[in-house]
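**Q** with the sequence up front, the predicted model follows.
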Amino acid sequence: MKRSLIIISVALLILKTNVTLSQTAGFLEFSPDAQSLSIGGAGVAADPNAFAIFNNSSSMVFAEDKMAVSTFYTKWLPNTVNSSIIGCAGFYRINPKFALSFGYRKIGYQAYDIVDVNGNITGTFSPKESALGVGVAYKISQNFSTAINVHHFSSKLSSDKASSLTSDIGFMYRMNSINLGLKMANFGSKVNYGSEDHSLPLNLQLGAGFKPLKTENTYLNVNVSAGYVFSYSSIIAGVAGEYNYKNMVAFRLGAKYGDKSKGVPSHLSTGLGFFFKGFNIDFAYLIAGNDSPINNTLSFGIGYRF
């Protein structure tokens, strides 16, 4: 019993001190892969890629590729809690109207010592949370699509486990070089560790993407987004640009606005992408003030599409 109380205390400390996880499952608020992080999270109206299920899976039916899969590793908040996020995702277009997607995310926190009432270290405990989801997208018309995802969320921040089912719904309108996106994410049951309910980061996001410069193989893509996280009353927004040169290399730059005390704090983002015979390698690096927990966050990803 005393051991359980110690572990629960550690779990509560994580929930209170981790600014990006001020609510349970805070890592579900954003897409933690390198491509999405490098554009400031402004992916709700982005062109389709393997991580569409984390951004707006209704984009999948507009993909030129039949299938895409990718995996990533993110060193999250290295100057403070030093968490690691890993995951994989992908989609498969069944036909011109239907597409399926999947996505998995897992965040692991730093291990903490378990101390008994006499001050002796009796072991360590490693808190972790994860989410596994599947989705389906449908093209309603030539320019309009919708999608729905279902995720199983699992959390072990103490000796007790908690879980929940959560859903997303998305829409996309696409014409020529303009994308308009809408997404409502993380609506579902609350999680309970045995004492009280904790809300998931329910949020609504709107976004637009357009290509002010486009040639046969080279383009400049601009994305903007804005949203609201209902579970802790916070406004979020992002803007980004991506320059793709001959489908060989992509340069990305973005900025994200967020409330430091409630969600992911404001920061700049940079990134690179390299493409070769269907393979892609992506890097992201987040920049903020020296006192910001998000400063120096790194992400790496690798994928394949065909």
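**A** Good, I have the coordinates.

**Q** report how many residues lie close to Asn290.
**A** 7 (other Cβ atoms under 10 Å). Yep, even glycine has a C-beta here, placed from its N, CA and C like the rest.

**Q** what about it, distance to Thr80?
**A** Using Cβ to Cβ, to the nearest Å, Asn290 is found at 12 Å from Thr80.

**Q** what's across from the closest residue to Lys106 other than its chain neighbours in the sheet?
**A** Nearest residue to Lys106 in three dimensions, chain neighbours excluded: Ser130, at 4.0 Å (Cβ to Cβ, 6 or more residues apart in numbering). Ser130 has these beta-bridge partners by DSSP bridges: Lys106, Ser154.

**Q** surely Ser130 and Gly108 touch.
**A** No: the criterion here is Cβ atoms under 8 Å, and Ser130 misses it with Gly108 at 9.1 Å.

**Q** which residues of the chain fall in helices?
**A** 2-17, 34-38, 52-55 (DSSP state H).

**Q** Ser130 and Gly108 - which one has more neighbours?
**A** Ser130 (21 against 15).

**Q** check contacts around the more buried one.
**A** Residues in contact with Ser130 (Cβ atoms under 8 Å, 6 or more residues apart in numbering) are Tyr104, Arg105, Lys106, Ile107, Phe153, Ser154.

**Q** the third one: neighbour count?
**A** So that's Lys106. Lys106 has 17 neighbours, counted by other Cβ under 10 Å.

**Q** equivalent analysis for the one 10 residues further on, please.
**A** When neighbours are counted by other Cβ under 10 Å, Asp116 registers 12.

**Q** pLDDT at Ala11, what is it?
**A** pLDDT, Ala11: 44.

**Q** for Gly103, see how far away the closest residue to Phe300 other than its chain neighbours is.
**A** Among residues not flanking Phe300 along the chain, Tyr73 sits closest, at 5.4 Å (Cβ to Cβ, 6+ apart). Tyr73 is 15 Å from Gly103, where distance means Cβ to Cβ.

**Q** please, where are all the strands along the stretch 1-150 of the chain?
**A** For the stretch 1-150 of the chain, the strands defined by DSSP state E, counting those that start in this stretch cover 67-76, 83-93, 98-108, 112-115, 121-125, 128-139, 144-156.

**Q** and those strands, which one is worst for confidence?
**A** Of all those, the minimum mean pLDDT falls on strand 112-115 (a mean of 78).

**Q** tell me the helices and strands packed up against that strand.
**A** helix 2-17, strand 121-125 (3 or more Cβ pairs under 8 Å, 6 or more residues apart in numbering; DSSP states H and E).

**Q** report the angle between the shortest one and strand 144-156.
**A** Using axes from the mean of the first three to the mean of the last three Cα atoms, to 10 degrees, the direction of strand 121-125 lies 170 degrees away from that of strand 144-156.
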